[in-house]
Structures are given as structure tokens and as C-alpha cells.
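K.L.:
One predicted model, sequence on top.
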Amino acid sequence: GAGVSQSPSNKVTEKGKDVELRCDPISGHTALYWYRQSLGQGLEFLIYFQGNSAPDKSGLPSDRFSAERTGGSVSTLTIQRTQQEDSAVYLCASSFHLDRQETQYFGPGTRLLVL
Amino acid sequence: GDSVTQMEGPVTLSEEAFLTINCTYTATGYPSLFWYVQYPGEGLQLLLKATKADDKGSNKGFEATYRKETTSFHLEKGSVQVSDSAVYFCALTLNTNAGKSTFGDGTTLTVKP
């Protein structure tokens, strides 16, 4: 079946503009995760959803970042008033359940460049 | 807090060499441990995992054993191939907060023919 998809694959924006990143998880997966990967760095956890609920938003870097998930499926990550330090690859993953044993399935990422 | 420390890279090996990539962790709860791999131009994918102490995960000739006493999950392969060139990430997920996985910084492996 189809894997996790993300759009756009690349986004170049000017400092101060808002951007919206989209994630389509694997059908039937109840848990969804957002990470950020900066150049040469590991994965930085941003937020996760169980269904449409985000119980822990502490990973979001600032109040310019927000995320939502609707219908237990598609999720959007919005960055308002982008800054150059927001430039990174944003990864989305999903898993069948929210459980410590679950494998996460990753999308190809959105590469964001803020000029 | 919880953390994962990986062997720093990059690692360069000749084909058929033995590979070890060290991974140690600190965790406040009882984690599951994972190795994910990112091949050039591709997304992250699971390589192997272990969910309890002394379990061994294995896949594609790679192995890692969950060592609770040394808080380690070292990745090994007896004979690497050029096609194993990739970035390898060690990760943990806790029973107490299954939504918030912690990843290491990644180790880049290059295998030369």
C-alpha cells in the first residue's frame, strides 16, 4: 500500500512569511509524528498526535509553530513568521498504534529553506 | 532527560569489513530500542528493533542486542557491502511516553569496494 507522503517536497520562502507543511499518513495509522532534521543533526521531536489529539506540544520550538490533524488522517504543520533558523528538513511519520513497540514509518520529508 | 548517544562518524570501511556502530542510552523508564537507516535519497526506514532486555534484533545481516546492564544497543554486521552505505540512527521509545521518541545524531557509513 501507499506509504507516508508529504508535500511540498521542497519549499523556499522569505523570512517573515508563513508556511504550511502537509502530511498524509498510512491509512489506518492512528498515531502521527512530526520531527525536524537540521543539517548534520539527528531528529528533533516536535509533536505527536493520537487520533486528532496532540497531548504533548512541548517539543514545538516556539509559539510560531502549530500543528493540527483532522479526521484522524491528514496533518498540517504551520510555521508563522518564518526565521532563517527554521530552515531544515521536516519529517512526518505514522504508526498503527501509539505504543513503545511500534515501528514508525517515515515520509520523504519537506526541505524548507528560509531566505 | 532521556538521550541517545551514537558513535560519531563518518565511518569508512572496505567491503567485507566488520562493522560496529555504538549506541548507548539514558532513559527514565523502560524503552524499546530501534535502529533506523536512511539510504541516499530515501526516507528513514526501520532496520531492526528490540523491545526488552537481552532481545536481539536482526535484519539484512545486521544485529543488535538490547543490553540493559550497559544501557547499550550496538549495531553490528559481519561483512558490509557497498549497498550498506547510509546514515544509521539509534532511537528509543519509552513506555511512559510512547509518542515522544528520542533519536541519536546519526552515523554516516561509507563502504568502499
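P.N.:
Nice, thanks for sending it over. Quick caveat, the model's predicted, so the values are computed rather than measured.
K.L.:
Number of residues surrounding B:Lys77?
P.N.:
20 (other CB atoms under 10 Å in any protein chain shown). (Each C-beta comes from the backbone N, C-alpha and C, glycine too.)
K.L.:
ok, now which ones touch it?
P.N.:
In this structure, B:Lys77 makes contact with B:Phe18, B:Leu19, B:Gly61, B:Phe62, B:Glu63, B:Asp84, judged by CB atoms under 8 Å, 6 or more residues apart in numbering or on different chains.
K.L.:
What's the local residue count around the last one?
P.N.:
Going back to what we said before, that points to B:Asp84. Quick note: B:Asp84 (other CB under 10 Å) scores 20 neighbours.
K.L.:
wait, what's in contact with it?
P.N.:
By CB under 8 Å, 6+ apart, B:Asp84 lies in contact with B:Leu19, B:Lys77, B:Leu109, B:Val111.
K.L.:
Just give me the closest of those residues to A:Arg36.
P.N.:
The shortest distance between A:Arg36 and any of the contacts of B:Asp84, using CB to CB, involves B:Leu109 and amounts to 23.1 Å.
K.L.:
For A:Leu98, which non-adjacent residue is closest in space?
P.N.:
Nearest non-adjacent residue to A:Leu98, counting by CB to CB, 6 or more residues apart in numbering or on different chains: A:Ala31, 4.2 Å away.
K.L.:
shouldn't the one you found be in contact with A:Thr103?
P.N.:
No: counting by CB atoms under 8 Å, no contact exists between A:Ala31 and A:Thr103, whose distance comes to 10.9 Å.
K.L.:
Give me the common contacts of the two.
P.N.:
A:Ser95.
K.L.:
Out of those two, name the residue with the larger neighbour count.
P.N.:
Per other CB under 10 Å, whichever of A:Ala31 and A:Thr103 has more neighbours is A:Ala31, with 20 against 15.
K.L.:
Tell me which residue of chain A lies closest to chain B.
P.N.:
Of all residues in chain A, A:Tyr48 sits closest to chain B, with a separation of 3.5 Å (CB to the nearest CB).
K.L.:
ok, back up a step: the residue nearest to A:Leu98: what's it in contact with?
P.N.:
A:Tyr48, A:Phe49, A:Gln50, A:Ser94, A:Ser95, A:Phe96, A:His97, A:Leu98, A:Glu102, B:Gly99.
K.L.:
Let's see if you can find the most crowded of those residues.
P.N.:
For those, neighbours were counted using other CB under 10 Å, and A:Tyr48 has the most, 29 neighbours in all.
K.L.:
And the pLDDT for that residue?
P.N.:
The score at A:Tyr48 is 94. That number is its pLDDT.
K.L.:
Verify the contact between it and A:Trp34 for me.
P.N.:
Yes: A:Tyr48 is within contact range of A:Trp34, at 7.4 Å (criterion: CB under 8 Å).
K.L.:
from memory A:Glu14 sits against A:Leu115, does it?
P.N.:
Yes: because the distance of 5.5 Å satisfies CB under 8 Å, A:Glu14 is recorded as touching A:Leu115.
K.L.:
any idea where the strands of chain B begin and end?
P.N.:
When secondary structure is read from DSSP state E, chain B shows strands at B:3-6, B:11-14, B:19-21, B:23-26, B:31-38, B:45-50, B:56-59, B:62-65, B:75-77, B:86-94, B:102-103, B:107-112.
K.L.:
ok, which residues in chain A are in contact with chain B?
P.N.:
For chain A, the contact set with chain B under CB under 8 Å from any CB of the partner chain comprises A:3-4, A:31, A:33, A:35, A:40-43, A:45, A:48, A:50, A:55-56, A:59, A:91, A:93, A:98-109.
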